[in-house]
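[1] Quick one: sequence and predicted model below, then my questions.
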Amino acid sequence: MLWKARHFDFRFPRPALIMGIVNVTPDSFSDGGRFFSTSDAVEHGLSLVQAGADILDVGGESTKPGALPVSEAEECRRVLPVIRELATRTHVPISIDTMKPGVAEAAMNAGASIINDVAAHRSDPALWRVAAQFEAGYVAMHMQGTPQTMQAAPAYSDVTAEVLAFFQGVLAGVAKAGVASHHVVLDVGIGFGKALEHNLELLGHLAAFRQLGRPLLLGVSRKSFLGRLTGASVEDRLPGALATSCLARAAGVELFRTHDVAETTQALRVADAVLAHQSNP
């Protein structure tokens, strides 16, 4: 299986890909404000590459539950200088975490290669056309509602079946907009419009999404469902995230989005080594 992101090619099977998070925001749920300046964000991104990140995901608008949107101009002001400098100082592909077509296009021109779209449920194909124009990698994430409403009362009759049907629709929609399937990665959107049981149901059935023939990305780093299960505070949720990531790797997930790159890289390298020696039942 091939995933193309502009001039980057990733062929699977291969070792798990690690996507390091660079939040250029004052209000993200776990590290808001820590890397808000351009220089701090760039240095953080470079440190993540040194720690093992294969991809850097740069975002300028928080998508935590209840987060308020920012203008396109403000989002560009936050992320574009970071992307430009990272693109000249590191060899890894850069992802722009955005819902706005204008921001995505500006990020592509600044040196990004991937669009990480938490609003893949869109009906307007403008962002998909940007992905097609630049032959960018495109991460389609499932979210019920918006960041402002998604955790108010998430409801599903069968969350796995509904997310699967959603992805089938997205793959058809992006194809009509000119995005070839080999540019697409799928993310079930843990914590985005899901109650605890929905998250657990999806995590327990990740292998079901393999039938779509596209790489899967998982983002569980520091998320609230880990706290609900264990009582751990945001800064103490790494063990739960690593356990979840290793189980997801065994289910066939290829990409992992995380704040904790060094620890996640080590855990998944061990998981890959064990899985390589696993005998078929």
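    Looks like it arrived, so ask away.

[2] Where does pLDDT dip in the protein?
    Scanning the chain for pLDDT under 70 picks out the ranges 27-36, 145-146, 148-150, 279-281.

[3] Strands along that one, start to end?
    2-5, 8-11, 17-23, 55-59, 94-97, 114-117, 137-141, 184-187, 216-219, 255-258 (DSSP state E).

[4] I'd like the distance from I18 to A41, if you could.
    Relative to A41, I18 is positioned 18 Å away (C-beta to C-beta, to the nearest Å). All C-beta atoms are positioned from the backbone trio N, CA, C, and that covers glycine.

[5] How about D57?
    12 Å.

[6] Repeat that for M99.
    Distance of M99 to A41, computed by C-beta to C-beta: 19 Å.

[7] V184 now?
    For V184 relative to A41 (C-beta to C-beta), the value is 27 Å.

[8] still on that earlier bit, and for D57 and A41, which residues touch both?
    By C-beta atoms under 8 Å, 6 or more residues apart in numbering, D57 and A41 have these common neighbours: V22.

[9] Which parts of the chain are helices?
    Secondary structure of the chain by DSSP state H: the helices cover 38-51, 72-89, 101-110, 126-134, 159-176, 196-204, 224-230, 238-250, 261-276.

[10] how about these in TSV, adding mean neighbour count and distance to I190?
    Shown next, in TSV, are the helices of the chain (neighbours: other C-beta atoms under 10 Å; distance: least, C-beta to C-beta, whole Å):
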stretch	mean neighbour count	distance to I190
helix 38-51	18	21
helix 72-89	19	23
helix 101-110	22	23
helix 126-134	21	22
helix 159-176	17	11
helix 196-204	17	5
helix 224-230	17	7
helix 238-250	20	8
helix 261-276	17	15
